[in-house]
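In: Structure, please.
(2 chains)
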Amino acid sequence: MPRITSVVALSGVAVLAVGLLSGCASDSTAADDAAPAKMITIETNTGAVEVPVNPERVAVLDNTAFETLLSWGIEPVAVPKPLLPRSGFDAWNDDAEIFDAGSHREPNLEAVSEAEPELIIGGLRFQDFTDELSSIATVIDIAPSDESKDGYVAGLRAQTEVLGQIFDREDEAAELIAELDEAVEGAADLTNGETVFLANSSGGRIDNGAGRLSRILDEIDLVDAFAKQDLDADSVHADSGLAPETVAAANPDWMIVMDRDAIAAEGEYTPAKQVVEAQEAWKATTFMTEDQVIYLEPDFYVTEGIQAYTTVYQQIVAAFNAR
Amino acid sequence: MTSLTTRRALLTATAVGTGALVVASLLVGGYDISVVGLVTDPAQWEMFLISRVPRTLALIFAAIAMSISGVIMQMITQNKFVEPTTAGTAQWSGLGMLVGLILFPSAPPLLKMLIACVFAFIGTAIFLGVLRRLASRSSLIVPLVGIMLGAVVGAGTTYLANSFNLLQALTAWRSGGFSNVVRGFYEPLWVVAIIAVLAFLVADRLTVAGLGKDLATNAGVNYDRVVLLGVMMVAVATGVTTVVVGFIPFLGLVVPNLVSMLMGDDLRKNMPWVAVIGTGLLLACDLVGRTVVSPMEIPASVIMGAVGAALFIGLVLRQRKVAHV
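Out: Numbers count the residues shown, from 1 in each chain, chains lettered A, B, ... in the order given. Below is the predicted model:
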């Protein structure tokens, strides 16, 4: 019965192998002395994903999450350093142990891989790299966007809530959301359908910035002076040019300006305020004569997180109260 | 004789048409301005001077700059398909503008313009240098070489802009156009008016230079000096225009070809028509861009790109037909 012998022998080897393997496994677990991370299921823009709670190694690529995580004392293993806001992030920027993931235009995926993250908070500017990143670790996209349910600002709330769940800081998350809600409510109470010109200052010129800024109007009662004409904010022309005289003709009550140069220029640049005030065509407009121009924080273009929006609504409240 | 009268009629019609477009450019826009209003309403008059007149002048100057640059470059290279955007001149001045932005961010616009002009000059000189070493100077190879050089320089510019975080500013400025042109912004373009006059004065010498070095020297023209002068004029016109309003593609290519098809190659006679037709074409493109998505605007360069590309293909096909016959 040579055949039976060999089967028995093989099974014996197999049993031995399994025993050895499981032995090794249990040995190493004992050596690391770490309980398996608690897993939770969170809701992301791409569906439900199971992630570890309080992951030790997390790569943060979504810049709208930076400020929240910094304030919670989370130390990421990799961040896109070129996208860090100019001020307040020295702790991350100067830390040589935090890998630089590069910018979304020139990402350094190898650095992300080398950082050995357990979890990657991706999406937004890094949306196109989700597939590559997925081969490194679990990637979640919880970034707010215009496609978020109920709009961008609602997306900020959802994002903050999920971050709270992941990092076990649900109370702190609720606090951030409450602050946003309070600012939004204040702004919504004060605004009553006045018109606004959403502007972008770039290359020393002021032009239409509705494509990026119209989401500010999501939950308050200001009306984009140009959206109510045939073209709405979703139109491909949301970023098309607007001549200064056209703005003067529409004569909006308010102006909200994002200073893109402030974040883009390495060195000196012409601040938006200077460009706006030099514009002769606007001398007679309501927003200039009544001094109703709101300049967003210089780094708004790369923050755009819940704190940035809370600040915007607080600025609106302050500006409306100052009238 | 009849062909002469039809030609005259055609040119008169063109001049009248361009005049009408100038008037339209002065009266069409986001702010309500009417002829009556200009007299009765001071606010309209004010806006007219702040916005419409500068924009219209900028359009005229930019059109003259690009079409005359096209004429000059076509003479120098003896090739009908060369102009600032197909020879890399515009791309080089873009690079110069960016270098100025990086090295002297707070410098006055005039200094940035100067740097752009110097780069445009260097770029054009490189293009001409490459042409001299080129074995085949067939009419299509030359612009292809220029377009390739321009693409390389453009790619380098993008890379540089990316490394210095200036990509947004570069994009904003490249797709510029005329929507932001107001008083206090277009004035450098007056330089182009001087260049246009100068071009008219040296038109005869450029025409002779266009016959080639040997013939020109025989005719008693200092060929190298004329070429150098021509390149400098092109560099300044292109540099200033790209800094103030961005790239305007194809204008310098289409207009001189249309004019020489109608009137032959006498530059002195052609130059005013090149200016008039170029102005008409660019004004028309800008007016389309101003009105189709009003109150928003599409840059004139985008419309010009579409119209110019079609006309370019038409010219190439026509030339092929002639060559085959």
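In: C-alpha from now on. contacts and neighbour counts both.
Out: Noted.
In: Packing partners of whichever strand or helix holds B:Ser67?
Out: If you go by DSSP states H and E, B:Ser67 is part of helix B:53-77. Applying 3 or more C-alpha pairs under 8 Å, 6 or more residues apart in numbering or on different chains; DSSP states H and E, one finds that helix B:53-77 contacts helix B:2-27, helix B:190-201, helix B:203-209, helix B:223-245, helix B:251-263, helix B:267-291.
In: residues contacting A:Ala183?
Out: Applying C-alpha atoms under 8 Å, 6 or more residues apart in numbering or on different chains to A:Ala183 gives the contacts A:310-311, A:313-314, A:317.
In: and those residues, which of them are in helices?
Out: If you go by DSSP state H, those have A:310-311, A:313-314, A:317 in helices.
In: can you pull out the strands in the stretch 201-323 of chain A?
Out: With strands called from DSSP state E, counting those that start in this stretch, the stretch 201-323 of chain A shows them at A:205-208, A:222-224, A:254-259, A:293-295.
In: Let's have those in TSV, adding mean pLDDT, distance to A:Ala183 and mean neighbour count.
Out: Shown next, in TSV, are the strands of the stretch 201-323 of chain A (pLDDT from 0 to 100; distance: least, C-alpha to C-alpha, whole Å; neighbours: other C-alpha atoms under 10 Å in any protein chain shown):
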stretch	mean pLDDT	distance to A:Ala183	mean neighbour count
strand A:205-208	86	25	23
strand A:222-224	92	15	22
strand A:254-259	94	17	24
strand A:293-295	96	15	19
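In: Can you say which of those is nearest to chain B?
Out: strand A:205-208 (7.1 Å; C-alpha to the nearest C-alpha).
In: any residues touching the closest one, and which ones?
Out: Here strand A:205-208 makes contact (C-alpha under 8 Å, 6+ apart) with A:197-201, A:238-243, A:272, A:275-276, B:180.
In: Counting neighbours, what do you get for A:Glu245?
Out: As a burial measure, A:Glu245 scores 25 neighbours (other C-alpha atoms under 10 Å in any protein chain shown).
In: Please identify the nearest residue in space to A:Ala65, excluding sequence neighbours.
Out: A:Gly305 (6.3 Å; C-alpha to C-alpha, 6 or more residues apart in numbering or on different chains).
In: Assign a three-state SS to the residue of the stretch 51-200 of chain A found nearest chain B, would you?
Out: Residue nearest to chain B within the stretch 51-200 of chain A (C-alpha to the nearest C-alpha): A:Arg105, separated by 8.2 Å. Put simply, A:Arg105 is coil when judged by DSSP: H, G, I helix; E, B strand; the rest coil.
In: try B:Ile122
Out: B:Ile122 is classified as helix under three-state DSSP.
In: Sticking with the residue in chain B that chain A sits nearest to, tell me its helix or strand.
Out: Closest to chain A within chain B is B:Gly30: 4.0 Å, counting by C-alpha to the nearest C-alpha. Using DSSP H and E, B:Gly30 falls within no helix or strand.
In: Roughly how far does it sit from A:Asp224?
Out: Shown here: B:Gly30 relative to A:Asp224, a distance of 16 Å by C-alpha to C-alpha, to the nearest Å.
In: center of chain B, which residue is that?
Out: Nearest residue to the geometric centre of chain B (C-alpha atoms, centre = their mean): B:Met66, 1.4 Å.
In: Check it and give its pLDDT.
Out: On pLDDT, B:Met66 comes in at 93.
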